[in-house]
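Asker: quick one, structure for this:
(2 chains)
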Amino acid sequence: MRIANILMFLIGMGATIQTLRLFATNRSSIRSTVLWLGIWLSIAIFGLFPQLLDYLRELTMMGNRMFFLFVVAITVLYAMFFAQSNRYEAMERRLARLTQELAILRYELTGQDTDDDVDSESSSAEDRE
Amino acid sequence: MKTVITLSAYNEENNITPVVTEALRCGDVIVVDDGSNDDTAATAAALGARVVRHPGNLGQGMAVLTGFKAALLGDYDVIVEMDADGQHDPAEIPAFLEKLEETGADIVVGSRILGSNYDGAPWARRYFLPKLTGLINRLTGYRMTDSMCGFRAFRASSLSRVFPVLDEMIEPQYLAAEMFIRFSRAGLTVEEIPIHLRDRSSGLSRKGLFRYGWGVSRAILKTMFDRES
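Answerer: Numbers count the residues shown, from 1 in each chain, chains lettered A, B, ... in the order given. Reported below is the predicted structural model:
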């Protein structure tokens, strides 16, 4: 077994344990844990059984091992970026709605912004000028 | 008809005074301050308008929706939406109310193209606006000449009927495009009257034309594929 394979196995297993610890201490969601477990365990398994890479490479009819790994990595990264982008947009929309609800709630409670609120903020604006 | 005028404003302290003053002659005024860092809110409140303040800048579309929400809390018959930059003339509000009464329409929109002085608008806007409006007309069955004008009057009862759908807008910053498509799905009727633009008292428009046009097109596409309403 080559040093690179041993390193892959150790890094994969170390990261797997860390991922499980984060999940156990509620610092990682189920979705995120499953995703990262999949990635780290794959690295550990490919480190232990490098012939598996060749099998998958032949199955997908790709030229060589490195090219296969590169394509898989890029595809996974794009998928992750796509998911993150969608989540970010959803969070932005939620934040905008919450901000709007806060403004309406404040308006409902006070009738409008009180003169005190408006005056104190306008004098702050004057100080800035 | 009991009327409220909603104005969405962002850093319009230099423009808002004449607009609020004139609008108060036609009804109550609600100013939505979209996170301004000048004295827009204080100025409006001092003039007698009711003010809703966004803690941060959410964009004109969200500010307009907030104005609708605040207006629907009151007991009004008509909600008039207009810009706070002085380009829309509050003296034309009675024409909207007359058209609502005369036709029984749910919405009356102002048209800068039917009005007399749109020739002074930038060439790109004069070229693209009819194209976008034509597309919206094709999708909705309405016969508007200007779908993007922010000077509109709504029957409060009609707006409250569709508001739950408006509140879930995909792209609120490009309100007009989605709004009319959703209105047509709800069966609301639209009429149009000419309006006359005035020059902004101060400042510059913040709408980048091509970015706005691209955003509107994107909003139309998304709404077409969203069949939940």
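Asker: remind me which helix or strand whichever residue of chain B sits closest to chain A belongs to.
Answerer: For chain B and chain A, the shortest gap (Cβ to the nearest Cβ) falls at residue B:42, measuring 3.8 Å. For the C-beta atoms, the positions are set from N, CA and C on the backbone; glycine is no exception. Using DSSP states H and E, residue B:42 maps to helix B:40-47.
Asker: helices or strands up against whatever helix or strand comes next after that helix?
Answerer: Later in the chain than helix B:40-47, the nearest helix or strand by DSSP H and E is strand B:50-53. In this structure, strand B:50-53 packs against helix A:65-110, strand B:28-33, helix B:40-47, helix B:60-73, with contacts taken as 3 or more Cβ pairs under 8 Å, 6 or more residues apart in numbering or on different chains; DSSP states H and E.
Asker: show me the contact partners of whichever strand or helix holds residue B:79.
Answerer: Element membership for residue B:79 (DSSP H and E) is strand B:78-83. Under the contact criterion Cβ atoms under 8 Å, 6 or more residues apart in numbering or on different chains, strand B:78-83 has outside partners B:1-8, B:19, B:23, B:26-27, B:64, B:67-68, B:71-72, B:88, B:90, B:93, B:96-97, B:100, B:150-156, B:159.
Asker: before we go further, residue B:153 is sitting in a strand, right?
Answerer: Yes. Assessed by DSSP: H, G, I helix; E, B strand; the rest coil, residue B:153 belongs to a strand.
Asker: doesn't residue B:55 make contact with residue B:33?
Answerer: No. Assessed by Cβ atoms under 8 Å, residue B:33 is found out of contact with residue B:55, at 10.1 Å.
Asker: hang on, the earlier thing: which of the contacts of strand B:78-83 count as buried?
Answerer: Among those, those buried by neighbour count (16 or more other Cβ atoms under 10 Å in any protein chain shown) are B:3-8, B:19, B:23, B:26-27, B:64, B:67-68, B:71-72, B:88, B:90, B:93, B:96-97, B:100, B:150-156, B:159.
Asker: ok, and what's touching stretch A:20-36?
Answerer: A:15, A:19, A:37, A:80.
Asker: swap in stretch B:90-103?
Answerer: Residues outside stretch B:90-103 that contact it (Cβ under 8 Å, 6+ apart): B:1, B:3, B:5, B:19, B:22-23, B:25-27, B:78, B:80, B:82, B:105, B:108, B:110, B:151-153, B:155, B:189, B:191, B:193, B:195-196.
Asker: still on that earlier bit, sitting in helices, which of the contacts of stretch A:20-36 do you find?
Answerer: A:15, A:19, A:37, A:80 (DSSP state H).
Asker: for stretch B:135-146, buried residues please.
Answerer: Applying 16+ other Cβ under 10 Å to stretch B:135-146 flags B:136, B:137, B:139, B:140, B:142, B:144, B:145, B:146 as buried.
Asker: chain A contacts on chain B?
Answerer: Residues of chain B lying close to chain A by Cβ under 8 Å from any Cβ of the partner chain are B:32, B:37-39, B:41-42, B:45-46, B:50-56, B:58-59, B:62, B:65-66, B:69-70, B:73, B:172.
Asker: show me where chain B has helices.
Answerer: Going by DSSP H, chain B shows helices at B:16-23, B:40-47, B:60-73, B:93-103, B:123-140, B:156-166, B:175-186, B:209-225.
Asker: export these as CSV, with columns for mean pLDDT.
Answerer: Shown next, in CSV, are those (pLDDT from 0 to 100):
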stretch, mean pLDDT
helix B:16-23, 94
helix B:40-47, 94
helix B:60-73, 92
helix B:93-103, 95
helix B:123-140, 82
helix B:156-166, 86
helix B:175-186, 85
helix B:209-225, 67
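Asker: related to what we said a few turns ago, and for the residue of chain B closest to chain A, the neighbour number?
Answerer: The number of residues packed near residue B:42 is 23, by other Cβ atoms under 10 Å in any protein chain shown.
Asker: repeat that for residue B:186.
Answerer: 14.
Asker: with the one 5 residues further on instead?
Answerer: Summarising burial for residue B:191: neighbours were counted as other Cβ under 10 Å, giving 19.
Asker: show the pLDDT at it.
Answerer: With respect to pLDDT, residue B:191 has a value of 95.
Asker: with residue A:49 instead?
Answerer: The per-residue pLDDT of residue A:49 was computed as 89.
Asker: is it true that residue B:193 touches residue B:112?
Answerer: No. Residue B:193 is beyond contact range of residue B:112, at 11.1 Å (criterion: Cβ under 8 Å).
Asker: just how off-centre is stretch B:130-138 within its chain?
Answerer: Relative to its chain's centre, stretch B:130-138 lies at 17 Å (Cα atoms, centre = their mean, to the nearest Å).
Asker: need the contact partners of that stretch.
Answerer: B:113, B:142-148, B:176-177, B:180-181, B:213, B:216-217, B:220.
Asker: among those residues, which two are most distant?
Answerer: Spanning the widest gap among these are B:143 and B:213, at 21.6 Å by Cβ to Cβ.
Asker: so the nearest residue to residue B:47 once chain neighbours are set aside versus residue B:40, what's the distance?
Answerer: In space, and not counting its chain neighbours, residue B:47 is closest to residue B:20: 4.6 Å by Cβ to Cβ, 6 or more residues apart in numbering or on different chains. Distance from residue B:20 to residue B:40, counting by Cβ to Cβ, to the nearest Å: 10 Å.
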